[in-house]
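J.: with the sequence up front, the predicted model follows.
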Amino acid sequence: MRVGIATVYTPGIRGGAEFLADGLAEAVRAAGHSLHLIRLPFFFDPPAAAGETMDRAAALDFSRYGGGQIDRLICLKFPAYLIDHPKKSVWLLHQHRSAYDLYGGRYGWQKGRADTDALRDRIIAADNAGLGDVPVYTIAARVSQRLNDFNGIASTPLYHPPADEHAFHCARALPYIFAPSRLEALKRQDLLLRAIAACRTPVQAIFAGAGSMQPQLERLAGELGIRDRVRFLGEISRAEMIELYANALGVFFGPLDEDYGYVTLEAMLSQKPVVTCTDSGGPLEFVIDGETGIVCAPEAQAVAAALEDLAADPARAAELGRAGRARYDTMGIGWDHVVSALLAEGA
């Protein structure tokens, strides 16, 4: 089968969405299909840029390439699923959250502005039309729930593994909490910093990843008086990241309403307990409080208590980590079922 994969990218940013698109492309090829990868540039600011990308997607005709037809087009991110094709399925990473669950809040568009109000209405109408008459899968139950809540559209979650799944391993735990992720407001690394400052014992943390919040986070660490207990490594290699997972006491991943979250799965593969929050979304589909990690309120004191529990009892932390790996192994997370579902005749 000749398969097209359509998604968007923001120049200069490479994160989970890019790993997913690459992983799907590799899995489609491994299943014996030919592939055409379609990537549209997308910018978050100004908000009107979203409308411009919608126009480009709707105007594209990728029914042909290389002298042949695309037999099936798989669309991933907004607004790639607005591309017209007679045999299209959607594997939704997430909708344009600024127009949905983040709208009117700290992290989304401001309510009451004529331009963003109108653009939000346009996005919702386009999503209802573009997702309403095609098979829709999502990357997690949380994404499916949002889609149903806001658009009344049913979908099926398909879990997939992180990149380099088989390279993750467990080594001797050292006394640090690992926090790998892009340094952005929604990832809430500031919550971890405030928690470390609230700890009665000198818990240490290593942050890996770059992002727009790095200067503010480093400044906050100084203001909290914990600069000697945290390290900001910036961008590191995949191999370095895997080793930092392997030697961590535990992993902190407490974003706000995450879609899926590779960090959770990578920690489980590394047999490390995950500390996450009650409002963190996707990680809650994997982390069971007191069994594979700790789920706490998104408050500095609550996170501090969780970190101190791990630091005070490394044997218990290791036990939670092993249970997390066992849970991962029983969930059937893999690429074969993803590709089969997306390319199924009825999809």
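T.: Sure thing, it's come through.

J.: specify the local secondary structure of Ala126.
T.: Assigned by DSSP: H, G, I helix; E, B strand; the rest coil, the conformation of Ala126 is helix.

J.: correction: Val263
T.: Per three-state DSSP, Val263 ends up helix.

J.: ok, now how distant is it from Leu217?
T.: 17 Å (C-beta to C-beta, to the nearest Å). C-beta coordinates here come from the backbone N, C-alpha and C atoms, glycine included.

J.: so between the two, which is more surrounded?
T.: Val263 (27 against 19; other C-beta atoms under 10 Å).

J.: and the lowest mean pLDDT element among the helices and strands of this structure?
T.: Sorting the helices and strands of the chain by mean pLDDT, DSSP states H and E puts strand 64-65 at the bottom, at a mean of 62.

J.: any chance you could map the strands in the protein?
T.: Under the criterion DSSP state E, the chain contains strands at 2-9, 34-41, 64-65, 68-69, 72-75, 88-92, 136-138, 156-157, 177-180, 205-208, 230-232, 250-252, 274-277, 293-296.

J.: ranking those strands by mean pLDDT, which is last?
T.: Of all those, the minimum mean pLDDT falls on strand 64-65 (a mean of 62).

J.: dump the strands of the chain into JSON lines; add mean neighbour count as well.
T.: Below are the strands of the chain laid out as JSON lines (neighbours: other C-beta atoms under 10 Å):
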{"stretch": "strand 2-9", "mean neighbour count": "22"}
{"stretch": "strand 34-41", "mean neighbour count": "16"}
{"stretch": "strand 64-65", "mean neighbour count": "12"}
{"stretch": "strand 68-69", "mean neighbour count": "12"}
{"stretch": "strand 72-75", "mean neighbour count": "26"}
{"stretch": "strand 88-92", "mean neighbour count": "24"}
{"stretch": "strand 136-138", "mean neighbour count": "22"}
{"stretch": "strand 156-157", "mean neighbour count": "15"}
{"stretch": "strand 177-180", "mean neighbour count": "24"}
{"stretch": "strand 205-208", "mean neighbour count": "21"}
{"stretch": "strand 230-232", "mean neighbour count": "19"}
{"stretch": "strand 250-252", "mean neighbour count": "28"}
{"stretch": "strand 274-277", "mean neighbour count": "28"}
{"stretch": "strand 293-296", "mean neighbour count": "24"}
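
J.: Ala305: which of those is closest?
T.: Ala305 sits nearest to strand 293-296 of all the strands of the chain, at 7.0 Å, using C-beta to C-beta.

J.: what is the closest one packed up against?
T.: Here strand 293-296 touches strand 274-277, helix 300-312, helix 314-330, going by 3 or more C-beta pairs under 8 Å, 6 or more residues apart in numbering; DSSP states H and E.

J.: just those: most buried one?
T.: Per-stretch averages of neighbours, counted by mean count of other C-beta atoms under 10 Å, single out strand 274-277 among the helices and strands packed on strand 293-296, with a mean of 28.

J.: ok, back up a step: pipe the helices and strands packed on strand 293-296 into a markdown table and attach distance to Ile153 per row.
T.: Compiled in a markdown table, the helices and strands packed on strand 293-296 are given as follows (distance: least, C-beta to C-beta, whole Å):
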| stretch | distance to Ile153 |
| --- | --- |
| strand 274-277 | 27 |
| helix 300-312 | 35 |
| helix 314-330 | 29 |
